[in-house]
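Enquirer: could you look at this predicted model? Sequence included:
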Amino acid sequence: MGTVTERRLKDGSSVYTAQVRIMRDGKKASTSATFVRRAAALAWLKRKEAEAAEPGGLARLIKARSDGVTLSDAIDRYTAESAKAMGRTKAQVLNTIKTYPIAALPCDAIKSDDIVSFARELNIGRSPQTVLNYLSHLSAIFAIAQPAWGVPLDHGQMKSAMIVAKRLGLTNKSAKRDRRPTLAEMELLMAHFTDRHAGGRSLPMQMVCAFALYSTRRQDEILRIKWSDLEQGRVLVRDMKHPGEKAGNDTWCELPPEAEMIARSMAKLDDRIFPYSTDAVSASFTRACKFLGIADLHFHDLRHEGVSRLFEMGKTIPQAAGISGHRSWQSLQRYTHLRDTGDKWEDWEWIVKICQHQ
């Protein structure tokens, strides 16, 4: 005998708790699960009643009830037992997932339609690219739960849900940016940052920006570089970005002479060459672009410009990768079709200016 009960949440939405009770030969068992849709609750109820009617079904139902592992439990175990250092974004995503009704479901009850419903919930106020990020992090748990812990999360259901979410437009990959700063835009930024720094109103963003362009380093990588990481013609990039590894990816990369000159002209105020926070650098760059009327320019676009420059200078993929740190040459293929040649940043007057007045 099964029932479905509606429960109102604080935000005005409803969830539906399905409960099945079975009594046979003096033995009884019950189990329940909560869903965001009544149809899903009824379908789960029907499936559980059918499973209990099969030979040995009651014993399996009793065992499932005693196990009682929810998706939230699986997330907690994944977080606790992961030997790899978990990135801040991934940790935040997993904690957010635990606030949704799907996290309260028993692992063996979660089907592809539950995951698709979850994707629809995420899609409210979030971009398809962000929803894909959430599902990708959740998929990592589905991939290991059964083989690692015996927890009945069906990875096949997750794969099916990912396909459906993509077809419905709930998820989508981020489009590749082709925005590159122009010489005129960089002139404006350098003059603005130099003036503000001279007046004691800003960190030396002119140094950070120029180093980002010539070194092709990401913002967080730049701000982690220590003086002890700097050698003649190369730099140790700590915790270099990698899709499967979030920490411990220390890699030596070649350092172009302009970037090395900028780094060595910095004052030694800390064990780091650029002892500033990512929030401070991001906020300063964003404010400057807004003030100067420079539209749609991100700090990361400086790295894109730097890598493009390498190919316009005639560098091969291996040579460019030695500087940029790209581990997959395939990700550099799009740069090989650039039509411009030469180095528009060669002998750029701002390099001498900022290094002499730092």
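Expert: Received it, and whenever you're ready, just let me know what you need. Numbers count the residues shown, from 1 in each chain.
Enquirer: buried ones in the host helix or strand of Trp350?
Expert: Trp350 is located in helix 349-357, with elements delineated by DSSP states H and E. By neighbour count with 16 or more other CB atoms under 10 Å, helix 349-357 contains the buried residues 350-351, 354-355. Where you see a C-beta, it was placed from the backbone N, CA and C, and this is true even at glycine.
Enquirer: what does stretch 212-231 give?
Expert: Within stretch 212-231, the residues scored as buried using 16+ other CB under 10 Å are 212-219, 221-225, 229-230.
Enquirer: how far off centre is the helix holding Trp350?
Expert: Distance of helix 349-357 from its chain centroid, counting by CA atoms, centre = their mean, to the nearest Å, is 36 Å.
Enquirer: any idea of the mean pLDDT for it?
Expert: The average pLDDT for helix 349-357 rounds to 88.
Enquirer: contact partners of it?
Expert: Here helix 349-357 makes contact (CB atoms under 8 Å, 6 or more residues apart in numbering) with 186-187, 190, 194, 198, 204, 206-207, 210, 214, 258, 261-262, 265.
Enquirer: try it again with 7 Å
Expert: 190, 194, 206-207, 210, 258, 261-262, 265 (CB atoms under 7 Å, 6 or more residues apart in numbering).
Enquirer: if we can go back for a sec, pick the one among the buried residues of helix 349-357 closest to Ala321.
Expert: Ile351 (24.1 Å; CB to CB).
Enquirer: measure that closest one to Thr286 for me?
Expert: For Ile351, the distance to Thr286 (CB to CB, to the nearest Å) stands at 24 Å.
Enquirer: picking up where we left off before, show me the two of the buried residues of stretch 212-231 that sit farthest apart.
Expert: Between any two of those, the greatest separation by CB to CB is 19.2 Å, found for Leu213 and Asp229.
Enquirer: any chance of TSV for the buried residues of helix 349-357, columns distance to Pro275?
Expert: Listed next are these as TSV, based on distance: CB to CB, whole Å:
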residue	distance to Pro275
Trp350	22
Ile351	21
Ile354	17
Cys355	18
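Enquirer: and Arg120, what is it in contact with?
Expert: For Arg120, the contact set (CB under 7 Å, 6+ apart) comprises Leu170.
Enquirer: thought Ile110 was touching Leu71?
Expert: Yes - when contacts are counted by CB atoms under 7 Å, Ile110 is listed as touching Leu71 (6.3 Å).
Enquirer: which neighbours do the two share?
Expert: Ile102.
Enquirer: returning to that earlier point: tell me which of the buried residues of helix 349-357 is nearest to Ala103?
Expert: Using CB to CB, Ile354 is the member of the buried residues of helix 349-357 that lies nearest Ala103, at 50.6 Å.
Enquirer: tell me the spacing between the closest one and Ile141.
Expert: 47 Å.
Enquirer: which residues in the stretch 1-150 of the chain form strands?
Expert: Listed in chain order, the strands of the stretch 1-150 of the chain (DSSP state E, counting those that start in this stretch) span residues 2-8, 14-24, 27-35.
Enquirer: do the stretch 201-350 of the chain as well
Expert: Ranges of strands within the stretch 201-350 of the chain are 230-231, 234-237, 251-254, based on DSSP E, counting those that start in this stretch.
Enquirer: tell me the buried residues in stretch 260-272?
Expert: Quick answer for stretch 260-272 (16+ other CB under 10 Å): 260-263, 266, 272.
Enquirer: what's the farthest-apart pair in these?
Expert: Counting by CB to CB, the most remote pair of the buried residues of stretch 260-272 is Met261 and Arg272, 18.0 Å apart.
Enquirer: check what pLDDT Pro101 gets.
Expert: 88.
Enquirer: in the chain, where is pLDDT below threshold?
Expert: For the chain, applying pLDDT under 70 flags the ranges 1, 9-11, 24-36, 57-68, 83-85, 242-248, 336-337, 357-358.
Enquirer: closest to the centroid, which residue in it?
Expert: Computing the C-alpha centroid of the chain and ranking residues by CA atoms, centre = their mean puts Thr89 first, at 5.7 Å.
Enquirer: check the burial of the residue nearest to that one when sequence neighbours are not counted by counting its neighbours.
Expert: Nearest non-adjacent residue to Thr89, counting by CB to CB, 6 or more residues apart in numbering: Asn133, 7.9 Å away. Residues near Asn133, counting by other CB atoms under 10 Å, number 18.
Enquirer: what's around Trp329, how many residues?
Expert: By other CB under 10 Å, 13 other residues sit near Trp329.
Enquirer: list the contacts for it?
Expert: Contacts for Trp329 (CB under 7 Å, 6+ apart) come out as 317, 321.
Enquirer: kindly recompute the last result at 10 Å.
Expert: Going by CB atoms under 10 Å, 6 or more residues apart in numbering, Trp329 touches 316-318, 320-321, 336.
Enquirer: any idea how far Ile317 is from it?
Expert: Applying CB to CB, the value for Trp329 to Ile317 is 5 Å.
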